[in-house]
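test case, fold it:
(chains A and B)
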Number of protein chains: 2
Amino acid sequence: MEDAAPQTGELVVAGGEHIPPLLSEIENRLMAEAVGYGAPLREHGEATIAAGGKRLRPLLLLLCAGPPQTDAQREALVRAGAAIELIHSATLVHDDVLDQADLRRGKPTVVATAGRGAAVATGDMLFARAFAVITHSGDPRSVAVLSDACSALARGELLQRADAWNVAIDRDRYLERCELKTASLFEAACAIGTIVSDEPQLDLASFGRLIGIAFQVLDDVLDISGPAERTGKQRGTDLLDGTVTLPMIIARENDPELAAIELETVNSAPAAEALCDSIAASGALDQARGFALELVAEAKRGLPPGLDSRRRAALELVADSVVARYS
Amino acid sequence: MEDAAPQTGELVVAGGEHIPPLLSEIENRLMAEAVGYGAPLREHGEATIAAGGKRLRPLLLLLCAGPPQTDAQREALVRAGAAIELIHSATLVHDDVLDQADLRRGKPTVVATAGRGAAVATGDMLFARAFAVITHSGDPRSVAVLSDACSALARGELLQRADAWNVAIDRDRYLERCELKTASLFEAACAIGTIVSDEPQLDLASFGRLIGIAFQVLDDVLDISGPAERTGKQRGTDLLDGTVTLPMIIARENDPELAAIELETVNSAPAAEALCDSIAASGALDQARGFALELVAEAKRGLPPGLDSRRRAALELVADSVVARYS
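Below you'll find the predicted structure:
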């Protein structure tokens, strides 16, 4: 799962002028956690955080919370934003161990530079720092939401491994995985936003859940559609990993020939590219994209009536950005 | 790092009659967390928890806290005990990934039965469940102590990987690693015990730290001394992994011939056995054991004066058990 490339600048402007300084404080806190805990985390942690990413999850948290009213709220937002991005970074470091990935965001991965042992430990440490940084902000509800989200992320990862190479998995199972491995952290970002702003009447969790699923669906579409020059990774990477996603599920429904393919036989980059073309030709990519757009529309419709117009507009923009991207 | 085999029965009796039902509640909670979060964690989590271990860390927590005075304290102890053992189990599952271990406590490891991906995710999930279970007990200080301990565990693991094959590491560096990768969780168990019992005047954290270091030193002695029939693992496993521990450090001080050995040349079980024999012949094992005994004596001397005689006696027994073991 790669980060979106939303029009971050536009989103930041829509969110209000309090957003840029908060994002920059979150960035500083992230880096402080990564480099402040002594060698050899310093090196691996710094490389991981410095490699960047769009910080979509912390941004979502800030947009859901609105402008902080007190210094304590401000501090809690910075800590929660850093914690959520630390969790996300930890899962990426661990994913790279499992996929033996050499590059992430164009930079060498921890597993590539320092080996599996260092990478597993670095991921564990980033997890631990996430809980440390959010716990010290003082609200146990935020910690509880974050720990439940982490359990879901790991469960999603386990389910995906269990489902590998199984072309018979259905939409429900696929959506369950998206909810667990991706949407749970989007949902947590939104929920923690309103915990910090102390607005229990604003339920933004399901907004986060829906755009999180849409985000994952679009990721899976981009894996098939490419182009590699824009996504930064080879087309059909999921197919080569044995990961069956929505485009493949729909393509099997659309075309009996595709339904007959066993993924184990797709074991080279050219074979994967050819299957990507067939999936696209079946209309499955447009249908999957359409499904993601429906989720986004549902997310926007479900924004609570009590939400002020500024936050509503910013969150609508975020929702749109999740599906209007090419990498 | 393997669990101790203390005279658990004796320790439980010394701790008081409230201990056995609490340990059994912790066991139930542990298993509930492991099996309650849906497939496929159920299987891997259950296997990990069911494989056992002496539950030394939860026992230490209970002994430090004394009998709970309220239902809330009781619940907090059960949750904290389960959390600490979940963290310990998570690190074991991840260690097995790094060491490609087939067996742990005589049972197949998660990585052996389900692969690296499932094992990394299972460890991540056990970490997350630990934070979930302790967070819901409501005291943010306990969560903070646990998350700091986890950071330390991961940092210790990273340091150990960074130090691999380096025979020139000194005692200070070795002790730093012991503090981080082992003593930090013992220390956390003791600290959380007095947080739950609401006795901030009782500082038991340094007791935990000292016996934790002693525990690790003894582990490292047993790796060299064997016998394999009692420890359950081949002698010299650390040497074959490139892990330089106190017996080797002392042996190098005692014997210039041993100081000249490069660990990379010790690359077979018979070579490791022979080096174990040389280390033992240098007197290093007795010296290392003596060092562990000193740590335990220091831990016992440092028990705070305000401690009641029952807890004092039980903690002294635990301290002794850490160094009086053969597996």
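
excluding sequence neighbours, find me the nearest residue to residue A:194.
On the basis of C-beta to C-beta, 6 or more residues apart in numbering or on different chains, the spatially nearest residue to residue A:194 that is not a chain neighbour turns out to be residue A:202, at 4.9 Å. Using the backbone N, CA and C atoms, a C-beta is placed for each residue, glycine as well.

tell me which helix or strand the one you found sits in.
Using DSSP states H and E, residue A:202 is not contained in any helix or strand.

okay, now it: neighbour count?
By other C-beta atoms under 10 Å in any protein chain shown, 22 other residues sit near residue A:202.

now do it against chain B, distance only.
23 Å (C-beta to the nearest C-beta, to the nearest Å).

pretty sure that residue sits against residue A:191.
No. Residue A:202 lies out of contact with residue A:191 (C-beta atoms under 8 Å); the separation is 10.0 Å.

quick check, residue A:250 in a helix?
Yes. Counting by DSSP: H, G, I helix; E, B strand; the rest coil, residue A:250 is part of a helix.

for the closest residue to it other than its chain neighbours, what are its contacts?
Leaving aside its chain neighbours, residue A:250 sits nearest to residue A:284 (3.9 Å; criterion: C-beta to C-beta, 6+ apart). Under the criterion of C-beta atoms under 8 Å, 6 or more residues apart in numbering or on different chains, the contact partners of residue A:284 comprise A:224, A:246-248, A:250-251, A:254.

repeat the analysis, applying 7 Å as the threshold.
Residues touching residue A:284, when contacts are defined by C-beta atoms under 7 Å, 6 or more residues apart in numbering or on different chains, comprise A:247, A:250-251, A:254.

same question, residue A:223
When contacts are counted by C-beta under 7 Å, 6+ apart, residue A:223 is found next to A:235-238.

return the residues of the stretch 101-250 of chain A in contact with chain B.
Proximity of the stretch 101-250 of chain A to chain B is confined to A:116-118, A:120-122, A:124-125, A:127-129, A:131-132, A:135-136, A:138, A:140, A:143-144, A:147-148, A:150-151, A:154-155, A:157-159, A:161-162 under the rule C-beta under 7 Å from any C-beta of the partner chain.

take those and keep only those in helices.
Among these, DSSP state H puts A:116-118, A:120-122, A:124-125, A:127-129, A:131-132, A:135, A:140, A:143-144, A:147-148, A:150-151, A:154-155, A:157-159, A:161-162 in helices.

hmm, back to that, please report phi then psi for the residue nearest to residue A:250.
phi -70, psi -30 (degrees, to the nearest 10).

give me the distance between it and chain B.
Applying C-beta to the nearest C-beta, one obtains 26 Å for the distance of residue A:284 from chain B.

same question for residue A:275.
From residue A:275 across to chain B, the span is 23 Å (C-beta to the nearest C-beta).

number of residues surrounding that residue?
Considering only other C-beta under 10 Å, residue A:275 is surrounded by 22 other residues.

what do you get for residue A:235?
Per other C-beta under 10 Å, the neighbour tally for residue A:235 reads 22.

dump the residue contacts of it.
A:223-224, A:226, A:228, A:272-273, A:276.

so which of the residues you listed belong to helices?
Judged by DSSP H, the contacts of residue A:235 include A:223-224, A:228, A:272-273, A:276 as members of helices.

list just the nearest of those residues to chain B.
Checking the ones in helices among the contacts of residue A:235 against chain B with C-beta to the nearest C-beta, the nearest one is residue A:223 at 18.1 Å.

the closest one and residue A:239, how far apart?
8 Å (C-beta to C-beta, to the nearest Å).

same question, residue A:32
Here the distance between residue A:32 and residue A:239 works out to 40 Å (C-beta to C-beta).

who has more neighbours out of those two?
Neighbour totals were compared for residue A:32 and residue A:239, and residue A:239 leads with 24 against 14 (other C-beta under 10 Å).

how about the more buried one, nearest residue that isn't a chain neighbour?
Once flanking residues are discounted, residue A:239 sits nearest to residue A:272: 4.9 Å by C-beta to C-beta, 6+ apart.

what do you get for residue A:298?
residue A:210 (5.7 Å).

gap between that neighbour and chain B?
Applying C-beta to the nearest C-beta to residue A:210 and chain B gives a distance of 22 Å.

that residue: how many residues sit nearby?
Under the criterion other C-beta under 10 Å, the count of neighbours that residue A:210 has is 26.

can you pull the pLDDT of it?
On the pLDDT scale, residue A:210 is placed at 98.

now it: which helix or strand?
Short version, using DSSP H and E: residue A:210 is in helix A:205-225.

compute the inter-axis angle for that helix and helix A:140-163.
Between helix A:205-225 and helix A:140-163, the angle formed by their directions is 30 degrees, by axes from the mean of the first three to the mean of the last three C-alpha atoms, to 10 degrees.

and helix A:205-225, how far out from the chain middle?
Relative to the chain's own centre, helix A:205-225 is displaced by 8 Å; criterion: C-alpha atoms, centre = their mean, to the nearest Å.

can you show me the CA trace of it as PDB?
Presented in PDB, the C-alpha positions along helix A:205-225 are these (Å, rounded to 0.1, in the frame of the first residue of the first chain):
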ATOM      1  CA  ALA A 205     -15.200   7.500  12.100                       C
ATOM      2  CA  SER A 206     -17.300   6.000   9.400                       C
ATOM      3  CA  PHE A 207     -16.200   8.800   7.000                       C
ATOM      4  CA  GLY A 208     -12.600   7.700   7.700                       C
ATOM      5  CA  ARG A 209     -13.600   4.000   7.200                       C
ATOM      6  CA  LEU A 210     -15.200   4.600   3.800                       C
ATOM      7  CA  ILE A 211     -12.500   6.800   2.300                       C
ATOM      8  CA  GLY A 212      -9.900   4.300   3.700                       C
ATOM      9  CA  ILE A 213     -11.600   1.500   1.800                       C
ATOM     10  CA  ALA A 214     -11.800   3.700  -1.300                       C
ATOM     11  CA  PHE A 215      -8.100   4.500  -0.900                       C
ATOM     12  CA  GLN A 216      -7.200   0.900  -0.900                       C
ATOM     13  CA  VAL A 217      -9.400   0.100  -3.900                       C
ATOM     14  CA  LEU A 218      -7.700   2.800  -5.800                       C
ATOM     15  CA  ASP A 219      -4.300   1.500  -4.800                       C
ATOM     16  CA  ASP A 220      -5.300  -1.900  -6.200                       C
ATOM     17  CA  VAL A 221      -6.600  -0.300  -9.400                       C
ATOM     18  CA  LEU A 222      -3.300   1.600  -9.900                       C
ATOM     19  CA  ASP A 223      -1.400  -1.700  -9.400                       C
ATOM     20  CA  ILE A 224      -3.200  -3.000 -12.500                       C
ATOM     21  CA  SER A 225      -3.500   0.100 -14.600                       C
END
